[in-house]
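Engineer: need a structure here:
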Amino acid sequence: MARRATLRDVAAAAGVSVTTVSLVLNNRPARVSTEKREAIAQAVKRLNYVPNQNARSLVTRRSKLVALIVPDIENLFFAALSKCVEDECAAQGYSLIVANSDDSRATEHDLLQRLSSRGVDGILLIPARESCSDGVGADLRADVERITCPVVLIDRLSRCGWCDAVGFDNYLGGRLAAQYLLEGGHKRIGIVTGDVAESSAADRRRGFADALEQAGERLDPALCVAGDYRFASGYRAADQIIDGGATAVFCCNDVMALGFRQRMAERGLHVTEDMQVIGYDNILKRFGLGWRMTTVEQSVSDLAKACWGMLGGRIDAVADGSGAGADRPWLSDPQSKVLTPKLVQAACA
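Structural biologist: Residues are numbered from 1 along each chain as shown. All right, here's what the predicted structure looks like:
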């Protein structure tokens with residue numbers, strides 16, 4: 001195996017000192033002629049020199065690595081969010097490690113320990129469902145409090161109050177879905193929920209039910225079916241809701257709405273003409289699936305910008321020495337940012 005070129009090798013090839021090479025490559029102020037700068041550039045290219053990030057980290061106090069832990073990388077929303085976060089990180093010279101917890105509290109615990117030991121500069125975490133339930137959330141909090149780098153919670157537990165967090169207003173999203181269907185003249189409206197043991201799913205259901213009640217309608221328990229944000233759960237829920245006489249349904253993510261629509265098609269039913277279907281996330285267009293669907297949008301690009309903005313600020317504070325130790329601001333003075341969803345109506349839904 002060829003030996004990796006060092007800073008000293010570049011200096012020797014360019015005929016300058018190691019200090020001069022270091023100043024030029026790190027864009028530090030230095031009186032170095034154009035000819036010498038060109039010689040250094042040529043030496044770097046010829047030797048295929050790659051800076052040693054570990055050595056640089058000792059000086060800058062940054063590994064330039066950030067971790068994102070998602071509950072289900074196969075979920076289109078989390079997959080799209082990962083891409084947007086990676087773009088945000090790359091724009092600032094950071095590399096992103098994406099890890100999948102499989103919605104498992106035990107896996108999440110192991111990942112937090114392993115990624116922290118890798119020396120990442122910060123962690124973005126979408127908690128596992130179990131971590132959001134009563135009596136278990138304390139275990140996640142204990143894990144986060146043991147980590148010395150900044151942590152930002154995303155999507156779930158966005159209003160926890162004990163750690164930096166960014167998420168959408170899911171209660172408002174549920175209300176928007178109900179209001180749209182009510183304005184369409186629907187009275188018997190079904191819902192396919194997420195796991196309501198998790199706060200964001202519970203908030204969507206609660207906002208939906210409250211909007212119905214305030215309009216003088218009520219959510220019939222027979223038309224309320226528990227889902228898990230996967231295609232199959234939307235598909236399985238369809239028969240119960242259709243046979244229950246519903247004229248419209250709110251599926252709490254777009255993937256379940258796809259499953260619901262698939263079952264409708266198999267029964268010879270058409271969206272809008274026979275039953276209105278509204279989804280949540282507005283994520284399908286990013287994957288070219290071609291479905292025209294009315295949905296409540298959670299912009300993954302806006303979410304990525306917001307969570308990276310929060311994490312990046314905390315990373316800068318740690319590197320400057322103003323956010324380390326017992327006064328870690330992401331825990332001692334946590335910030336919460338709640339984004340606003342919006343209804344996106346398809347021209348033909």
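Engineer: Identify the residue nearest the spatially most central residue of the chain in space, chain neighbours excluded?
Structural biologist: Of all residues in the chain, the one closest to the mean position by CA atoms, centre = their mean is Leu81, 4.6 Å from it. Nearest non-adjacent residue to Leu81, counting by CB to CB, 6 or more residues apart in numbering: Val300, 4.7 Å away. Placement of C-beta: from N, CA and C, glycine included.
Engineer: Kindly list the longest helix within this structure.
Structural biologist: helix 300-319 (DSSP state H).
Engineer: got the contact list for that one?
Structural biologist: Contacts with helix 300-319, where a contact means CB atoms under 8 Å, 6 or more residues apart in numbering, come from 60-62, 66, 77, 80-81, 84-85, 87-89, 92, 121-122, 124, 149-150, 152, 154-155, 164, 166-168, 283, 286, 323-324, 329-330, 335, 337, 339.
Engineer: same thing but 7 Å
Structural biologist: Applying CB atoms under 7 Å, 6 or more residues apart in numbering, the external contacts of helix 300-319 come out as 60-62, 66, 77, 80-81, 84-85, 88-89, 92, 121-122, 124, 149-150, 152, 154, 164, 166, 323-324, 329-330, 335, 337, 339.
Engineer: So which of those residues sit within helices?
Structural biologist: Using DSSP H, the subset of the contacts of helix 300-319 located in helices is 60, 77, 80-81, 84-85, 88-89, 329-330.
Engineer: among these, which two are most distant?
Structural biologist: Between any two of these, the greatest separation by CB to CB is 33.8 Å, found for Thr60 and Phe77.
Engineer: In terms of packing, which of those two has more residues around it?
Structural biologist: The neighbour comparison of Thr60 against Phe77 (other CB atoms under 10 Å) goes to Phe77, with 23 against 13.
Engineer: Would you mind measuring from the more buried one to Ile154?
Structural biologist: Using CB to CB, to the nearest Å, Phe77 is found at 11 Å from Ile154.
Engineer: same check, this time on Asp281
Structural biologist: 14 Å.
Engineer: if we can go back for a sec, now do the longest helix of the chain against helix 76-91, angle only.
Structural biologist: With axes from the mean of the first three to the mean of the last three CA atoms, to 10 degrees defining the directions, helix 300-319 sits at 50 degrees from helix 76-91.
Engineer: With just CA atoms, put helix 300-319 into PDB.
Structural biologist: Provided in PDB are the C-alpha atoms of helix 300-319 (Å, rounded to 0.1, in the frame of the first residue of the first chain):
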ATOM      1  CA  VAL A 300     -38.100  18.800   4.900                       C
ATOM      2  CA  SER A 301     -35.900  21.600   3.500                       C
ATOM      3  CA  ASP A 302     -37.200  24.100   6.100                       C
ATOM      4  CA  LEU A 303     -36.800  21.500   8.800                       C
ATOM      5  CA  ALA A 304     -33.200  20.700   7.800                       C
ATOM      6  CA  LYS A 305     -32.300  24.400   7.700                       C
ATOM      7  CA  ALA A 306     -33.800  25.000  11.100                       C
ATOM      8  CA  CYS A 307     -32.200  22.000  12.900                       C
ATOM      9  CA  TRP A 308     -28.800  22.600  11.300                       C
ATOM     10  CA  GLY A 309     -28.900  26.300  12.100                       C
ATOM     11  CA  MET A 310     -29.500  25.400  15.800                       C
ATOM     12  CA  LEU A 311     -26.900  22.700  15.900                       C
ATOM     13  CA  GLY A 312     -24.300  24.700  14.000                       C
ATOM     14  CA  GLY A 313     -24.600  27.600  16.500                       C
ATOM     15  CA  ARG A 314     -24.100  25.200  19.400                       C
ATOM     16  CA  ILE A 315     -21.100  23.600  17.700                       C
ATOM     17  CA  ASP A 316     -19.500  27.100  17.200                       C
ATOM     18  CA  ALA A 317     -20.000  27.900  20.900                       C
ATOM     19  CA  VAL A 318     -18.300  24.700  22.000                       C
ATOM     20  CA  ALA A 319     -15.400  25.300  19.600                       C
END
